[in-house]
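Novice: Model the structure of this input:
(chains A and B)
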2 protein chains.
Amino acid sequence: MPETVPPAFVLIRPQMGENIGAAARAMWNFGLARMRLVDPRDGWPNPAAAAMASGAGRLLDAAGLYATTPEAVADATRVYATTARPRGLTKPVLTPEEAMREAAGIVAEGGRVAVLFGPERTGMENDDIALANAIVSVPVNPEFPSLNLAQCVLLMAYEWRRAAEAAEARRDEMAGATWATAGDVESLARTYEARLEETGFFFPADKAPGMKMTLRNLWSRMPLTRPDVQILHGILRHLARRGGGAG
Amino acid sequence: MPETVPPAFVLIRPQMGENIGAAARAMWNFGLARMRLVDPRDGWPNPAAAAMASGAGRLLDAAGLYATTPEAVADATRVYATTARPRGLTKPVLTPEEAMREAAGIVAEGGRVAVLFGPERTGMENDDIALANAIVSVPVNPEFPSLNLAQCVLLMAYEWRRAAEAAEARRDEMAGATWATAGDVESLARTYEARLEETGFFFPADKAPGMKMTLRNLWSRMPLTRPDVQILHGILRHLARRGGGAG
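Specialist: Next up, the predicted model:
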């Protein structure tokens, strides 16, 4: 298992110290501690940031300070830009959930993730967006798309924690269990269809195609484990044996 | 299709007008407009709330004012309380995502949902929590679980919008299909188990409990439609009839 490093949240040219402090609180609410600052308007350290951060002050003490965005993301293997869908730049656009789920996978494999947040009011510049591998767009009300910096940080940190916990739960829950492969499921579907076909289940003839389609859809939509597939094979064998006279 | 009414967010005895205004903004960021206030400390209307709400001021103008929490939730068919896991009260505890996903289903069927938020600092009283059908607990950092009122409202409104959009996408995708009810699935599970039991499928005896558990887990984890359930009943009847001699 490689050593894992949680995402860094990078505030680009933040203006108000209060917002930096509120962003630190929002990060720490969800257990994220790695903050980076690119050229904060009022210099650094900033007493207004410290006053607002209260319980999360140590994030500010440990924050990395950079002159430019490229320096702040130099070590990252995956960079996300939280911004409105940009015009004229072709990038994948993800929801916060999609992005942080992907990030959890990257971090688990030893990658380094950076999440960019633009300055208040003016938003992120295209030169900074160009550094990102993907855009993250929060699905806000189009009539009132006015998330502030700390709110945006809060939602991303929340989604990070959800994704990281879900990844851990999946590891725990499925420890020992095994998902069926597509091949297992395909073989199950074929076996059922063949056995039902030869015993005259698909009747009357004009309804047979619809019944087969329902059955095929059913298997392919189901999140089946290997034990599930085994017991479903077992049921068919058991019932068919009692019938067809093969037993 | 019944007329649908989005959830009401109920602020119980909120203290600072600024927080009421920030909560209104957070709701409207995600398209929610139905705010209710229970006995706000500084009276109502509140100029500080209006100043903070800016673009979301009309939520305040339309907010319902109530003397007590029971009056504020009298029309709700499902009530959620956002609070830390309570001691001594036995209630289901949901994540924001689980709660709002359930709420989207209830609203789509014409139900009325209310989400309760306690006062700043002191938190929700047990009498108010007792009104709720379920607790909603945000998965915060246990070292720093200090979400403020507007942040909590923001996360719930965000999850509401995600759930409502996902429900709409599923409706589009499954237009024409009907999901099986929990009752349908339960009846399917019972029928299979009974028929397999009487035909000696659960054998040898020491493996029977494990086989039954696998089978029960299987049905309950599957996203079954009503046609799925019908065809699965049909398969069992068909195969059993060829066997047991009942046909």
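Novice: buried set for the host helix or strand of residue A:171?
Specialist: In the assignment (DSSP states H and E), residue A:171 maps to helix A:149-173. For helix A:149-173, burial by neighbour count (16 or more other CB atoms under 10 Å in any protein chain shown) applies to A:149-164. C-beta coordinates here come from the backbone N, C-alpha and C atoms, glycine included.
Novice: Now the residue nearest the centre of chain A: closest residue in space, sequence neighbours ignored.
Specialist: Nearest residue to the geometric centre of chain A (CA atoms, centre = their mean): residue A:101, 1.7 Å. Nearest residue to residue A:101, sequence neighbours excluded (CB to CB, 6 or more residues apart in numbering or on different chains): residue A:163, at 4.5 Å.
Novice: From chain B, how far out is the residue nearest to the centre of chain A?
Specialist: The span separating residue A:101 from chain B equals 13 Å under the rule CB to the nearest CB, to the nearest Å.
Novice: hang on, residue A:228 in a strand?
Specialist: No - Residue A:228 is assigned helix when assessed by DSSP: H, G, I helix; E, B strand; the rest coil, not a strand.
Novice: mind listing the strands for chain A?
Specialist: Along chain A, counting by DSSP state E, strands occupy A:8-12, A:35-38, A:64-66, A:78-82, A:93-94, A:113-117, A:134-136.
Novice: what mean pLDDT does the fifth one have?
Specialist: Per-residue confidence for strand A:93-94 averages out to 92 on the pLDDT scale.
Novice: Residues in a beta bridge with residue A:135, which ones?
Specialist: Listed by DSSP bridges, the beta-bridge partners for residue A:135 are residue A:81, residue A:93.
Novice: Please name the residues that touch it.
Specialist: A:80, A:81, A:82, A:83, A:85, A:86, A:89, A:91, A:92, A:93, A:94, A:129 (CB atoms under 8 Å, 6 or more residues apart in numbering or on different chains).
Novice: Adding neighbour count and distance to residue A:224, write these out as JSON lines.
Specialist: Conversion of these to JSON lines gives the following (neighbours: other CB atoms under 10 Å in any protein chain shown; distance: CB to CB, whole Å):
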{"residue": "A:80", "neighbour count": "28", "distance to residue A:224": "33"}
{"residue": "A:81", "neighbour count": "27", "distance to residue A:224": "38"}
{"residue": "A:82", "neighbour count": "23", "distance to residue A:224": "37"}
{"residue": "A:83", "neighbour count": "24", "distance to residue A:224": "40"}
{"residue": "A:85", "neighbour count": "9", "distance to residue A:224": "37"}
{"residue": "A:86", "neighbour count": "18", "distance to residue A:224": "41"}
{"residue": "A:89", "neighbour count": "13", "distance to residue A:224": "41"}
{"residue": "A:91", "neighbour count": "16", "distance to residue A:224": "36"}
{"residue": "A:92", "neighbour count": "13", "distance to residue A:224": "30"}
{"residue": "A:93", "neighbour count": "15", "distance to residue A:224": "32"}
{"residue": "A:94", "neighbour count": "18", "distance to residue A:224": "28"}
{"residue": "A:129", "neighbour count": "19", "distance to residue A:224": "42"}
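Novice: Save these as CSV, and put in distance to residue B:236 too.
Specialist: Compiled in CSV, the contacts of residue A:135 are given as follows (distance: CB to CB, whole Å):
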residue, distance to residue B:236
A:80, 49
A:81, 54
A:82, 52
A:83, 54
A:85, 50
A:86, 55
A:89, 56
A:91, 51
A:92, 46
A:93, 46
A:94, 43
A:129, 57
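Novice: What is the nearest of these to residue A:57?
Specialist: Residue A:57 lies nearest to residue A:82 out of these, by CB to CB, at 23.8 Å.
Novice: roughly how far apart are that closest one and residue A:186?
Specialist: Separation of residue A:82 from residue A:186 (CB to CB, to the nearest Å) stands at 41 Å.
Novice: which residues of chain A fall in helices?
Specialist: Assigned by DSSP state H, chain A shows helices spanning A:17-29, A:47-53, A:57-61, A:69-72, A:96-108, A:126-129, A:149-173, A:182-198, A:208-221, A:226-244.
Novice: pLDDT of the second one, averaged?
Specialist: In this case it means helix A:47-53. Average pLDDT, helix A:47-53: 97.
Novice: And for the longest one?
Specialist: Along helix A:149-173, the predicted confidence averages to a pLDDT of 89.
Novice: now that helix against strand A:113-117, angle please.
Specialist: Taking axes from the mean of the first three to the mean of the last three CA atoms, to 10 degrees, one finds helix A:149-173 and strand A:113-117 inclined to each other by 160 degrees.
Novice: for helix A:149-173, packing partners?
Specialist: Judged by 3 or more CB pairs under 8 Å, 6 or more residues apart in numbering or on different chains; DSSP states H and E, helix A:149-173 is in contact with strand A:8-12, helix A:17-29, helix A:96-108, strand A:113-117, helix B:149-173.
Novice: Mind giving me the packing neighbours of the first one?
Specialist: Think strand A:8-12. Under the contact criterion of 3+ CB pairs under 8 Å, 6+ apart, strand A:8-12 touches helix A:17-29, strand A:35-38, helix A:69-72, strand A:113-117, helix A:149-173.
Novice: Convert the C-alpha atoms of it to CSV, please.
Specialist: This file holds the C-alpha atoms of strand A:8-12, laid out as CSV (Å, rounded to 0.1, in the frame of the first residue of the first chain):
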residue,chain,number,x,y,z
ALA,A,8,-4.1,20.1,-1.4
PHE,A,9,-6.6,23.0,-1.7
VAL,A,10,-5.0,25.9,-3.5
LEU,A,11,-6.5,29.4,-3.1
ILE,A,12,-5.4,31.5,-6.0
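Novice: Average pLDDT for it, rounded please.
Specialist: 98.
Novice: And stretch A:238-247, by the same measure?
Specialist: 63.
Novice: now swap in stretch A:178-193 and tell me
Specialist: Per-residue scores along stretch A:178-193 average to 87.
Novice: just how off-centre is it within its chain?
Specialist: The chain centre lies 28 Å from the centre of stretch A:178-193; the measure is CA atoms, centre = their mean, to the nearest Å.
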